[in-house]
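Peer 1: Sequence and computational prediction follow.
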Amino acid sequence: MLDRTPELIAFDLDGTLVDSSPDLADAVDAMLDRLGLPAAGEPRVKGWIGNGVDMLVKRALTGDTWPWDEPPRFDEALTMFMDLYEANVCNRSCLFPGVGEGLKQLRAAGFRLACVTNKHSRFTRPLLDRLGVLEFMEFVGCGDQFEKHKPDPCPLLKTAEWFAVEPSRSLMVGDSANDVKAARAAGFMVVCVPYGYHGGSGVECLEPDAVVSSLTELPALFRKAV
Ligand SMILES: O=C(O)COP(=O)(O)O
Ligand SMILES: [Mg+2]
C-alpha cells in the first residue's frame, strides 16, 4: 500500500509494459549468426535485458552478464544489432496482460503518465506506437537521452522536472533492481510487477513499496492514500 497518491507515474518498458524478449532474442541471434558465433536463445537473452543496448550486445558477444572489457568487434556488432532490431522491433513483441486497460484507466482518472526506459530511442517510440500505447504517454525518456541510465536517478529526476512534479509525488513502476534503485535514489515511490526480466530471484527481494500482478491493480493501491 502507498501512503501518498502519485501525480506522475513513470513506467519502465522492457519487462513491465512490453514482453520484448522474443524480438530482442531474434535480433541477437541474427547478429551472432552474421558474426559466425553460436545462437544465445531467448532464455539467456531474457537475463541480459535491462541495461541498454550497448550492454546487451556486450553480453551477447561475451556470454558474461557483467563483461569487463569491450569485446572484439563490438562496434560492428552494435551497428548490426541496431539495424536488425530496428527492422524487426515488433514482430513477436506484445503488451503484458492488463497493460492497455491499466494505462487507459489511469489516464482517464487524471494521472500523468511517462515511459522511462534504458531502451534506445530508435526502438522505443516505434514499439510503443505499434502496440497502441504511445498515446497514453505524455513524456517518453530513453536510454540515449539522459547522461546516465537507471539505476542512476538522473532519468527519473529529469522526468519529474519535465512534468514540474515533486519526486515525492511520483511513482516508478518497473520489473527490476535498476528500477527500484533509481526510484529510491530519486525519492520516487516504487511498485514492481513480478512477470518481467528481473533475473532469478523474486521482485519481493527488491523491497518495493508494493507488487502488483497487473497494471489494472494500481488504482486500488492509491485508494487509501492521501
Ligand atoms: O535494456 C534495455 O534496453 C531497456 O530496459 P528497460 O525498458 O527495462 O529499462
Ligand atoms: Mg525492465
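Peer 2: Sure, I can see it. Numbering: from 1, shown residues only. Ligands and ions are numbered 1, 2, ... in the order given.

Peer 1: can you count the residues close to the closest residue to ligand 2 within the chain?
Peer 2: The chain approaches ligand 2 most closely through G15 (3.7 Å), counting by CB to the ion. Heads up, the C-betas are built off the backbone N, CA and C, glycines and all. G15 has 23 neighbouring residues, counting by other CB atoms under 10 Å.

Peer 1: where does the residue lying farthest from the centre of the chain land on pLDDT?
Peer 2: Largest separation from the mean C-alpha position in the chain: G36, at 29.8 Å (CA atoms, centre = their mean). On pLDDT, G36 comes in at 97.

Peer 1: picking that back up, what sits against the residue lying closest to the residue of the chain closest to ligand 2 once chain neighbours are set aside?
Peer 2: Distance criterion CB to CB, 6 or more residues apart in numbering; nearest residue to G15, sequence neighbours excluded, is G196 at 2.7 Å. Residues in contact with G196, defined by CB atoms under 8 Å, 6 or more residues apart in numbering, are 12, 14-16, 96, 174-176, 203.

Peer 1: who wins for most neighbours among those?
Peer 2: Ranking the contacts of G196 using other CB under 10 Å puts G174 first, with 32 neighbours.

Peer 1: Looks like that residue contacts V180 (just checking).
Peer 2: Yes - assessed by CB atoms under 8 Å, G174 is found in contact with V180 at 6.8 Å.

Peer 1: Domains in this protein, by residue range?
Peer 2: Under the assignment automatic domain parsing, the domains of the chain span 8-19+93-222, 21-87.

Peer 1: any idea which of those domains is most buried?
Peer 2: Compared across the domains of the chain, domain 8-19+93-222 shows the largest average neighbour count, a mean of 20 (mean count of other CB atoms under 10 Å).

Peer 1: so how far is it off the chain centroid?
Peer 2: On the basis of CA atoms, centre = their mean, to the nearest Å, domain 8-19+93-222 sits 7 Å off its chain's mean C-alpha point.

Peer 1: from the contacts of G196, which is closest to ligand 1?
Peer 2: Closest approach to ligand 1 among the contacts of G196 (CB to the nearest ligand atom): D14, at 3.6 Å.

Peer 1: Angles on the backbone of that closest one, please.
Peer 2: phi -70, psi 120 (degrees, to the nearest 10).

Peer 1: Ok, E86 next?
Peer 2: phi -60, psi -40.

Peer 1: and if you look at the one 3 residues further on?
Peer 2: Backbone geometry at V89, expressed as degrees, to the nearest 10, gives phi -70, psi -20.

Peer 1: For it, the count of nearby residues, please.
Peer 2: V89: 20 neighbours (other CB under 10 Å).

Peer 1: helices and strands of this protein: which one has the lowest mean pLDDT?
Peer 2: helix 218-222 (a mean of 91; mean pLDDT, DSSP states H and E).

Peer 1: how long is stretch 5-22 from one end to the other?
Peer 2: 35 Å (CA to CA, to the nearest Å).

Peer 1: Excluding residues flanking it in the chain, which one is nearest A27?
Peer 2: Nearest non-adjacent residue to A27 (CB to CB, 6+ apart): Y85, at 3.8 Å.

Peer 1: Extract the C-alpha trace of stretch 87-106 and format it as PDB.
Peer 2: Provided in PDB are the C-alpha atoms of stretch 87-106 (Å, rounded to 0.1, in the frame of the first residue of the first chain):
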ATOM      1  CA  ALA A  87      13.700  -3.500 -38.700                       C
ATOM      2  CA  ASN A  88      12.100  -6.200 -36.500                       C
ATOM      3  CA  VAL A  89      11.100  -4.400 -33.300                       C
ATOM      4  CA  CYS A  90       7.600  -5.600 -33.200                       C
ATOM      5  CA  ASN A  91       7.300  -9.000 -34.900                       C
ATOM      6  CA  ARG A  92       6.500 -11.000 -31.800                       C
ATOM      7  CA  SER A  93       6.500  -8.500 -29.000                       C
ATOM      8  CA  CYS A  94       3.300  -7.800 -27.200                       C
ATOM      9  CA  LEU A  95       1.900  -5.900 -24.200                       C
ATOM     10  CA  PHE A  96       1.700  -7.900 -20.900                       C
ATOM     11  CA  PRO A  97      -1.900  -8.700 -19.800                       C
ATOM     12  CA  GLY A  98      -3.700  -5.700 -18.300                       C
ATOM     13  CA  VAL A  99      -1.200  -3.100 -19.700                       C
ATOM     14  CA  GLY A 100      -3.500  -1.400 -22.300                       C
ATOM     15  CA  GLU A 101      -6.500  -1.400 -20.000                       C
ATOM     16  CA  GLY A 102      -4.500  -0.300 -17.000                       C
ATOM     17  CA  LEU A 103      -2.900   2.700 -18.800                       C
ATOM     18  CA  LYS A 104      -6.300   3.700 -20.200                       C
ATOM     19  CA  GLN A 105      -7.900   3.700 -16.700                       C
ATOM     20  CA  LEU A 106      -5.100   5.600 -15.200                       C
END
